[in-house]
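*Asks:* Structural data only, the sequence is not supplied:
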């Protein structure tokens, strides 16, 4: 099953990953192989079979609406590369606001 | 073509924050306002690896209440899905939401317009989802992120593109807020962010069916700014069309200070959120028993209440609607009427005197010192002639301050109205003797003095004289004694 180069680029863009131009062909081949593998499922007759969204038979698992303590904020921020006044600190994310 | 030859087509996407105690999938408190950043956060709402979200049963219950109140069909087999996008306030890089099986579909909201007409606005769908955190954009360009709000439960309520004017959009929002407050699932305060609203708006020549290209507007922080943004955008789009320029499918931001919209992003290709079923949350099967149970928790809804109040008490629709804007206020009214059957007068007292005082003191009706039955008794004292309407206002004032019963105030302060003819006559005669100048004035045709005399009599009786009787007796005495004919 073939996949367009543009589609590969779009997938990287959606995944917020960068890719070197010379790597694209190899990813294209990998993705095509995956799709071909998945395509073998099309041979199975699924007429009248309900789609499976979940693989366990569970349903209706709820919790009561009761508060329990949150994590101490030192813990929350422990792995943050940079922080300030209990905030996670990041580079500028949007232009023009 | 002028502006009037175009109509706007408006659809609203409203996010309502549910007022459950805990977040939608974890036990963190939702009470995050004015709390230090990142203090209401745990492994689940931070989306750390290996955690398992579990649905808060009250979120489901509140969502079902909202569906019922907006007359939606409830989806019996509902589930959650992951919606993927990257933004720093979304810790998992996906939002747990609902895609193809939202909890409710095909509902409607009745709106009332200024001219008294009514319209039904379709509700396309209602779904449950988690809120994102909050990013602050600092002046130095850095972004600071607080995850306290992440995972707070939301309902997204999407309307059909059924509204045709900004006024209708406002009426829709107000009705939606009223209903959510009645059923107690959210306070829907746009200023503090518990109600957020994005609008989709396009224009088309009046009388045509085909929708124009729509623009999405974000960033309005009050109902008023929604109306302003819609008015602005209509003008802009019509201007574009008249200049033969294409409307681009764009997302715009509303700038409340400048009073204009500006482009946030142009949608070249449709958003690609790569939805798929959330594997960590088992599906929800809504049974008839669950529906039964939740429907018993629903109060009488505003539309039904207004219709019933108008019908039962024969009061003006305006009064009924105004009182029904607060569920407890309309309950108060009904209780007052039970103690004295004069609904029109009681509703007037509530809407004028009582609301004026409560609004001044920023008090909700439940903290009002005047018991509903006492307000009924006050109106009874007026109706039975014990006190005048003017005295009643003084009594009301004391009731409001002290919470005491009207009869005991009237008794202890000796405020009972003087309706005894001979007693009133005696007082008038004394006033006429002491104000002979006024009588002369009237004899000379200066009838204004009549009002002055009435004032003197009321002063003499400290306002207790029955005003109707004072008028009547004063006129007849002036005629008999001085041959003065008053109109």
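*Replies:* Structure received. Here the structure is a predicted model, which means the values were calculated and not measured. Numbering: from 1, shown residues only, chains lettered A, B, ... in the order given.
*Asks:* check contacts around residue B:219.
*Replies:* B:253-255 (CB atoms under 8 Å, 6 or more residues apart in numbering or on different chains). Just so you know, the C-beta spots here come from the backbone N, C-alpha and C atoms, and that holds for glycine as well.
*Asks:* Report the buried residues of the helix or strand of chain B with the lowest mean pLDDT.
*Replies:* In chain B, no helix or strand scores lower on mean pLDDT, DSSP states H and E than strand B:260-266, which sits at a mean of 81. By neighbour count on 16 or more other CB atoms under 10 Å in any protein chain shown, the buried set for strand B:260-266 is B:261, B:264.
*Asks:* So what touches that strand?
*Replies:* A:96, B:215, B:217-218, B:229, B:232-233, B:236, B:248-255.
*Asks:* so what strands line up beside that strand?
*Replies:* Using DSSP bridges, the strands paired with strand B:260-266 in its sheet are strand B:250-255 (antiparallel).
*Asks:* Skip the chain neighbours and tell me the closest residue to residue B:256.
*Replies:* residue B:225 (5.1 Å; CB to CB, 6 or more residues apart in numbering or on different chains).
*Asks:* Also residue B:90?
*Replies:* residue B:132 (5.0 Å).
*Asks:* Quick check: the gap between that neighbour and residue B:99.
*Replies:* 17 Å (CB to CB, to the nearest Å).
*Asks:* the more surrounded of those two?
*Replies:* Remark: of residue B:132 and residue B:99, residue B:132 carries more neighbours, 20 against 16, as counted by other CB atoms under 10 Å in any protein chain shown.
*Asks:* need the contact list for the more buried one.
*Replies:* Applying CB under 8 Å, 6+ apart, the residues near residue B:132 are B:87, B:89-90, B:95, B:149-150.
*Asks:* tell me the SS of it?
*Replies:* coil (DSSP: H, G, I helix; E, B strand; the rest coil).
*Asks:* residues from chain A in reach of chain B?
*Replies:* With the criterion set to CB under 8 Å from any CB of the partner chain, chain A comes near chain B through A:14, A:16, A:53-56, A:58-68, A:70-71, A:73, A:76-77, A:84-94, A:96-97.
*Asks:* Report the spatially nearest residue to residue A:77, omitting neighbours in sequence.
*Replies:* residue A:83 (4.9 Å).
*Asks:* ok, what's across the strand from the one you found?
*Replies:* Beta-bridge partners of residue A:83, as defined by DSSP bridges: residue A:88.
*Asks:* what about it, how many neighbours?
*Replies:* 19.
*Asks:* what's the longest helix along chain B in contact with?
*Replies:* Secondary structure assigned by DSSP state H gives helix B:223-242 as the longest helix of chain B. Helix B:223-242 is contacted by residues B:1, B:3, B:6, B:8, B:10, B:166-167, B:169-170, B:173-174, B:190, B:197, B:199, B:201-203, B:212, B:215, B:217, B:220, B:246-247, B:252, B:254, B:256, B:259-261 when judged by CB under 8 Å, 6+ apart.
*Asks:* just to revisit the earlier point, among the contacts of strand B:260-266, which pair sits farthest apart?
*Replies:* B:249 and B:255 (20.2 Å; CB to CB).
*Asks:* any weak-confidence spans in the stretch 51-200 of chain B?
*Replies:* Nowhere does the stretch 51-200 of chain B drop to pLDDT under 70.
*Asks:* Break down it into its strands, ranges please.
*Replies:* Using DSSP state E, counting those that start in this stretch, the strands of the stretch 51-200 of chain B run over B:55-56, B:73-74, B:77-78, B:81-84, B:94-97, B:104-112, B:118-130, B:134-137, B:143-146, B:153-159, B:195-205.
*Asks:* Now the buried members of the contacts of residue B:132.
*Replies:* B:89-90, B:95, B:149-150.
*Asks:* burial count for residue B:200?
*Replies:* For residue B:200, the tally of surrounding residues (other CB under 10 Å) stands at 17.
*Asks:* From residue B:280, how far off is it?
*Replies:* From residue B:200 to residue B:280 the distance is 32 Å (CB to CB).
*Asks:* Not including adjacent chain positions, what is the nearest residue to residue B:13?
*Replies:* Using CB to CB, 6+ apart, the closest residue to residue B:13 is residue B:198 (4.6 Å).
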